[in-house]
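Engineer: Pasted the sequence and its predicted model underneath.
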Amino acid sequence: MKSLQLDGSGGGGQMLRSALSLAMLTGQPFRMTRIRGKRPKPGLMRQHLTCVKAACEISGGTADGAEIGSTELVFRAGTPRAGDYHFAIGTAGSTGLLFQTLLPALLAADGPSTLRLEGGTHNPLAPPFEFLDRVYLPVLRRMGAEVEIELLASGFAPAGGGAIACRIQPLKAWQPLDLVERGERTGTRIRVLTRHLPLSIAGRMLDSALELLPCKDATVENREPGPGAGLCCLVETEFGDLREITSSFGERGVTAERLGRNAAKRMQDFIGSRAPVGRCLADQLLLPFALAGQGRLHTMALDAHVPTNIHVIEKFLPLRFTIDKSERGTNRIEVGPR
């Protein structure tokens, strides 16, 4: 089978991850050039390389160019196989993004599977574990997926050292879903996670978030001992059957107060948009919606990953996405047969 030619210069690692998922599902080989071409450090980093090697192991596939810094990759997948798998990124690279890369293939495998993934669980460039567990997976379960994940150890950037466990049952067929209406707001909670830092810093972060978004359910959680210090603010709001989580992470030179306000302000913006689906979740649902063959969602201003992710999906599958501006600045994304 002739390889698909993909230019990765227009996006980041999400283009590669989607291509790996789809290649495992369809058997379609691909050649991607200029991987992460616009990033400060182009090419494969440790977390991307782990995705490639894990895809090879799960599908019995092969890859040319699978090395750190490579800007070109040829990937040929076999058939996804159920099993008990263990992959370690070796850095604080996101275990969540690795999980999302492998999940569609394991849902299509011939039996139940388990995953143990080691690396980062709470880092600023990827959804934290709680987002996967409480926002992303509940939607996939409504589409028929039987998946459970468990946080074994928290891994903050830049030290990493985290781990998650995943249990995946095979899925016969994805069920289409329309997420176009938001339910009534039923609750908000704010959690500040901290490790190896004075609790006063976490308290300041929590207080600043509460100033913008008052709620009764607000706590500081001192995480288990582990490598490196960590600080994270999670703001969660429920709207009927849907949830959204916004977050901010400790970084050098940024005050705890500013970080707390940032997480709360993002949630304020989402609440005000009236959209049922947040920006990050909308991007992550593109592939499941495509695998179901049809679906609609309303979201906020589009994440930069959305157009490049759609471009990759449409290369592999006979589907077409349409994006229309809706009321109050929201966007309607719809997918159906081409």
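Structural biologist: Nice, thanks for sending it over.
Engineer: and the closest residue to residue 53 other than its chain neighbours, how many residues sit next to it?
Structural biologist: Nearest residue to residue 53, sequence neighbours excluded (CB to CB, 6 or more residues apart in numbering): residue 66, at 6.5 Å. Where C-beta positions appear, they are placed from N, C-alpha and C, glycine not excepted. When neighbours are counted by other CB atoms under 10 Å, residue 66 registers 18.
Engineer: Look at residue 66 and give its secondary structure.
Structural biologist: Assigned state for residue 66: coil (three-state reduction, DSSP: H, G, I helix; E, B strand; the rest coil).
Engineer: Am I right that it is in contact with residue 76?
Structural biologist: No. Because the distance of 11.7 Å does not satisfy CB atoms under 8 Å, residue 66 is recorded as not touching residue 76.
Engineer: for the biggest helix by length in the chain, packing partners?
Structural biologist: The longest helix of the chain (DSSP state H) is helix 256-273. Contact partners of helix 256-273 among helices and strands, from 3 or more CB pairs under 8 Å, 6 or more residues apart in numbering; DSSP states H and E: strand 185-195, helix 199-212, strand 230-239, strand 242-249.
Engineer: Minimum distance to residue 55: which of those has it?
Structural biologist: With CB to CB as the criterion, residue 55 lies closest to strand 242-249 of the helices and strands packed on helix 256-273, at 27.4 Å.
Engineer: buried sites along the closest one?
Structural biologist: Of all the residues in strand 242-249, those buried under the rule 16 or more other CB atoms under 10 Å are 242-249.
Engineer: Turn those into a markdown table, columns for pLDDT and distance to residue 54.
Structural biologist: Output for the buried residues of strand 242-249, formatted as a markdown table (pLDDT from 0 to 100; distance: CB to CB, whole Å):
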| residue | pLDDT | distance to residue 54 |
| --- | --- | --- |
| 242 | 96 | 30 |
| 243 | 97 | 28 |
| 244 | 98 | 29 |
| 245 | 98 | 26 |
| 246 | 98 | 29 |
| 247 | 98 | 25 |
| 248 | 97 | 29 |
| 249 | 97 | 25 |
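Engineer: Throw those residues into TSV and include distance to residue 314, thanks.
Structural biologist: Formatted as TSV, those follow (distance: CB to CB, whole Å):
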residue	distance to residue 314
242	26
243	29
244	27
245	29
246	29
247	30
248	33
249	33
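Engineer: now the stretch 201-338 of the chain, which segments are flagged as low pLDDT?
Structural biologist: Low-confidence segments of the stretch 201-338 of the chain (pLDDT under 70): 327.
Engineer: what do you get if the cut-off is 90, keeping everything else the same?
Structural biologist: 224-226, 228, 251-252, 301-305, 325-330 (pLDDT under 90).
Engineer: what does the stretch 1-150 of the chain give?
Structural biologist: Along the stretch 1-150 of the chain, segments meeting pLDDT under 90 span 1, 9-12, 37-41, 125.
Engineer: Tell me where it has strands.
Structural biologist: Along the stretch 1-150 of the chain, the stretches classed as strands by DSSP state E, counting those that start in this stretch are 4-7, 30-33, 62-64, 73-76, 84-88, 113-119, 147-153.
Engineer: Identify whichever of those lies nearest to residue 224.
Structural biologist: Closest among those, using CB to CB: strand 147-153, at 6.8 Å.
Engineer: Given that closest one, what are its sheet partners and their directions?
Structural biologist: With DSSP bridges as the test, strand 147-153 is paired with strand 162-168 (antiparallel).
Engineer: Can you tell me what sits against the helix or strand following the strand it pairs with?
Structural biologist: Sequence order places strand 177-179 as the next helix or strand after strand 162-168, per DSSP states H and E. By CB atoms under 8 Å, 6 or more residues apart in numbering, the residues outside strand 177-179 that reach it are 139, 142-143, 242, 276-277, 285, 289, 292, 295-298.
Engineer: could you give the mean pLDDT of strand 177-179?
Structural biologist: Average pLDDT, strand 177-179: 97.
Engineer: Which positions within that strand qualify as buried?
Structural biologist: Buried residues in strand 177-179 (16+ other CB under 10 Å): 177, 179.
Engineer: again, but for stretch 170-184
Structural biologist: 170-171, 174, 176-177, 179-180, 182.
Engineer: ok, of the residues you listed, which one's closest to residue 315?
Structural biologist: residue 174 (19.2 Å).
Engineer: Could you measure from that closest one over to residue 205?
Structural biologist: 39 Å (CB to CB, to the nearest Å).
Engineer: Over to residue 290?
Structural biologist: In terms of CB to CB, residue 290 sits 38 Å off from residue 205.
Engineer: Tell me which of these two has more neighbours.
Structural biologist: Neighbours per residue (other CB under 10 Å) separate residue 290 from residue 205, with residue 205 holding more: 29 against 25.
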